[in-house]
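K.L.:
from the sequence below, what's the structure:
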Amino acid sequence: AAGINACLLYEEFLEHAERLFNACDTEGSGRVDQEVFMAVVRQMNNSPADIENEHGWTIPSMQLIESCNTLLSAEGAGQGGTITYKDFVMTIVRIFVAK
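P.N.:
Numbers count the residues shown, from 1 in each chain. All right, here's what the predicted structure looks like:
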């Protein structure tokens, strides 16, 4: 049951992140500034752990978000500092699976 709950929470997070990504993509290009988008994602969650608490869902942890940002930057995922939503999701998945 815990695994199913975690999947549902991640699904909710990714749906919300996609809406935020689309809101940040004011030009409709499918690309957003990595730092701007990651700043918005950081505001979604300030918890140190991948958990749900009494204040609502807090997945993924700030550590996972920062790892995602670092990996995106290191790999040069973006063109001119921009990323696609797919870049973001695939990086989150890669980090989560490597845990």
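K.L.:
going forward, measure contacts and count neighbours with C-alpha atoms only.
P.N.:
OK.
K.L.:
give me the pLDDT value at A74.
P.N.:
Note for A74: predicted pLDDT of 82.
K.L.:
hey, C-alpha coordinates of the helix or strand where it lies in CSV?
P.N.:
Per DSSP states H and E: A74 is located in helix 62-75. What follows is helix 62-75, C-alpha atoms only, in CSV (Å, rounded to 0.1, in the frame of the first residue of the first chain):
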residue,chain,number,x,y,z
MET,A,62,14.5,19.4,-1.5
GLN,A,63,17.5,17.1,-1.8
LEU,A,64,16.0,15.4,-4.8
ILE,A,65,15.1,18.7,-6.4
GLU,A,66,18.6,20.1,-5.9
SER,A,67,20.1,16.9,-7.3
CYS,A,68,17.9,17.3,-10.3
ASN,A,69,19.0,20.9,-10.8
THR,A,70,22.7,20.0,-10.4
LEU,A,71,22.4,17.1,-12.9
LEU,A,72,20.5,19.2,-15.4
SER,A,73,23.2,21.8,-15.2
ALA,A,74,26.1,19.4,-15.4
GLU,A,75,24.7,17.6,-18.4
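K.L.:
so which other helices or strands are in contact with the helix or strand just after it?
P.N.:
Once helix 62-75 ends, the next helix or strand along the chain (criterion: DSSP H and E) is strand 82-83. Packing partners of strand 82-83 (3 or more CA pairs under 8 Å, 6 or more residues apart in numbering; DSSP states H and E): strand 32-33.
K.L.:
who touches the strand it packs on?
P.N.:
21, 24-25, 81-84 (CA atoms under 8 Å, 6 or more residues apart in numbering).
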